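**Student:** need a 3D model of the following:
(one chain, ligands or ions: 1)
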Amino acid sequence: MQSYIIKGGEKIEGKTNSSGSKNSSLPILAATILNKGKTTLKNVPNIHDTKIMFDIMKLLGCNIQEEKGKIIIDSRNIDNYEIPDELMRQMRSSVILAGAILGRCKKATFSYPGGCDIGSRPIDLHLKAFKDLGIDIKEENGEIYCQADDMLDGTITLDFPSVGATENIILAATLSNKTICIKNAAMEPEIVDLQNIINKMGGNISGAGTKDIKIVGVEKLEKELEYEVMPDRIEIGTLLCAAAITKGNINIKNVRIEHILPIVYKLEEMGCEITLKEKEISLISKNRLKACNIKTMPYPGFPTDMQPIIASALGVAKGTSIVVENIFENRYKYLSELKRMGAKVAIEGRTAIIKGIKRYDSAKVEATDLRGGAALILAALNANGKTIISNVGYILRGYENIDEKLRKLGANIYLREGE
Ligand code: EPZ
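**Tutor:** So this is what the prediction gives:
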């Protein structure tokens, strides 16, 4: 088990660059399975989750090489349509491979990704959408066998704008001779990134970024192309909050401003001074942060992935903040760890009431999930003394070199092997 050792009290100050988006890279990697050619990807973050994705894709027959920071995927020789259970269980997002494999091989076998640290996370919307597409689904001994002989034309209306289900429908329907419309689709920027790369491969998708997406199926995708994954809006939000909680001053380059506006508005409400340029953002935090209220919502609302991170900053803000988590039912586990650091928090169902304290105390704490782990890093940067965060494997799943980035910005943070 790896831990972070953080000595709090240093300001986060200086310039940095964002990394590529985790949540965009995973569906984009899946999409390369549809292309019977070579896809070169720039800006794929070097994190645990992308490595698991590479492992599964290699097993399916993809050849994956890394050259000068670019990932080159040759999917010409895919000959396997089964995802082994042990890999499926390692990462919830492995489920989006199902749509891509179905698109390419017309068959896919996989198992349930299982529950996870932030909620039960069922895949019923994905499976219902596959059925609506005319895909035959059989379940036996925990395995799901899908066969897509002939897809149906038509409209799929999602009960909830699920990001993963929207991506899975796009991936499954791209290679077909039918036209599929999605109503109540997720509008997240990651869906637009997925549409953009598939269209660059020769696909015909429109409407991503709105509630209505249209996929006009094409017979094949066979192109050699290069594509750059969009910046990680949640990593950017995390770095901004790290500067905010330490009364610091940060400039981040490679930012899509329109993606982070819901986060920017809240940080301004909390008293930070923010300057936006075309592809960069600066934040100065001079005074004690002010309390504010947060409600997580599908995009363009405030992102659930930022909830633990901003809540950590609100933990030392002046006044009482109310946070409502509307997307995942179990995304407050990290709060019991923050309480060890002195946070004054009460939870009632989906609502957390946070009464700001002046400063966190250092403590021995444990990361409970990816974003909850990032929330603990922020609290530790603010804390008086040395904090040890164990179980940081969760954080390494989704943040590229977060300790190194923060160290370059002035933080006293080190990764230690062992508890
Ligand atoms: C994506 O997860 C992200 N993951 C999550 O990022 C993010 O929190 C989430 O979208 C919401 O923005 C990736 O992109 C890899 P959903 P996804 O399907 O697609 C329920 C992070 O920290 N639901 O939009 O799995 C579900 O339980 C993470 O980087 C069903 O009920 O999210 C949840 O309550 C974690 N049935 C809600 O919908 C289904 O079949 C939203 O889930 C599917 C979802």
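**Student:** which residues touch the lowest-mean-pLDDT helix or strand in the chain?
**Tutor:** Of all the helices and strands that make up the chain, the one with the lowest confidence by mean pLDDT, DSSP states H and E is helix 85-88; it has a mean of 89. With contact meaning CB atoms under 8 Å, 6 or more residues apart in numbering, helix 85-88 is reached by 52, 55-56, 59, 94-95, 110-113, 142-143. For the C-beta atoms, the positions are set from N, CA and C on the backbone; glycine is no exception.
**Student:** change it to 10 Å
**Tutor:** Residues outside helix 85-88 that contact it (CB atoms under 10 Å, 6 or more residues apart in numbering) are 52-53, 55-56, 59, 82, 94-95, 97-98, 110-114, 142-144.
**Student:** show me the helices in the stretch 151-300 of the chain, by range?
**Tutor:** In order along the chain, the stretch 151-300 of the chain carries the following helices (DSSP state H, counting those that start in this stretch): 163-173, 189-201, 233-245, 257-269.
**Student:** tabulate those helices in CSV, adding columns for distance to the ligand and mean pLDDT.
**Tutor:** CSV is the format used below for the helices of the stretch 151-300 of the chain (distance: least, CB to the nearest ligand atom, whole Å; pLDDT from 0 to 100):
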stretch, distance to the ligand, mean pLDDT
helix 163-173, 3, 97
helix 189-201, 6, 98
helix 233-245, 6, 98
helix 257-269, 12, 98
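**Student:** want to throw these into CSV with distance to residue 415?
**Tutor:** Output for these, formatted as CSV (distance: least, CB to CB, whole Å):
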stretch, distance to residue 415
helix 163-173, 30
helix 189-201, 28
helix 233-245, 16
helix 257-269, 26
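**Student:** any chance of CSV for those helices, columns mean neighbour count and distance to residue 8?
**Tutor:** Converted to CSV, those look like this (neighbours: other CB atoms under 10 Å; distance: least, CB to CB, whole Å):
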stretch, mean neighbour count, distance to residue 8
helix 163-173, 27, 34
helix 189-201, 22, 33
helix 233-245, 28, 10
helix 257-269, 18, 20
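**Student:** any idea which of these gets closest to residue 374?
**Tutor:** Ranking these by their distance to residue 374 (criterion: CB to CB) puts helix 233-245 first, at 5.2 Å.
**Student:** any idea how far residue 36 is from residue 47?
**Tutor:** Between residue 36 and residue 47 the distance is 27 Å, computed by CB to CB, to the nearest Å.
**Student:** of these two, who's got more company?
**Tutor:** Taking neighbours as other CB atoms under 10 Å, residue 36 and residue 47 compare with residue 47 leading, 23 against 17.
**Student:** I'd say the more buried one and residue 398 touch.
**Tutor:** Yes. Taking contacts as CB atoms under 10 Å, residue 47 lies within contact range of residue 398: 5.8 Å.
**Student:** got any residues that touch both of the two?
**Tutor:** Contact criterion CB under 10 Å, 6+ apart; residues bridging residue 47 and residue 398 by contacting each: 22, 232, 370.
**Student:** which one of the residues you listed sits closest to the ligand?
**Tutor:** When the shared contacts of residue 47 and residue 398 are ranked by distance to the ligand (CB to the nearest ligand atom), residue 370 comes first, at 4.9 Å.
**Student:** tell me the contacts of the closest residue to residue 209 other than its chain neighbours?
**Tutor:** Using CB to CB, 6 or more residues apart in numbering and skipping residues adjacent in sequence, the residue nearest residue 209 is residue 192, 4.5 Å away. Residue 192 makes contact with 24, 205, 207-210, 230, 259 under the criterion CB under 10 Å, 6+ apart.
**Student:** biggest separation within those residues, which pair?
**Tutor:** With distance counted by CB to CB, no two of these lie farther apart than 205 and 259, which are 19.4 Å apart.
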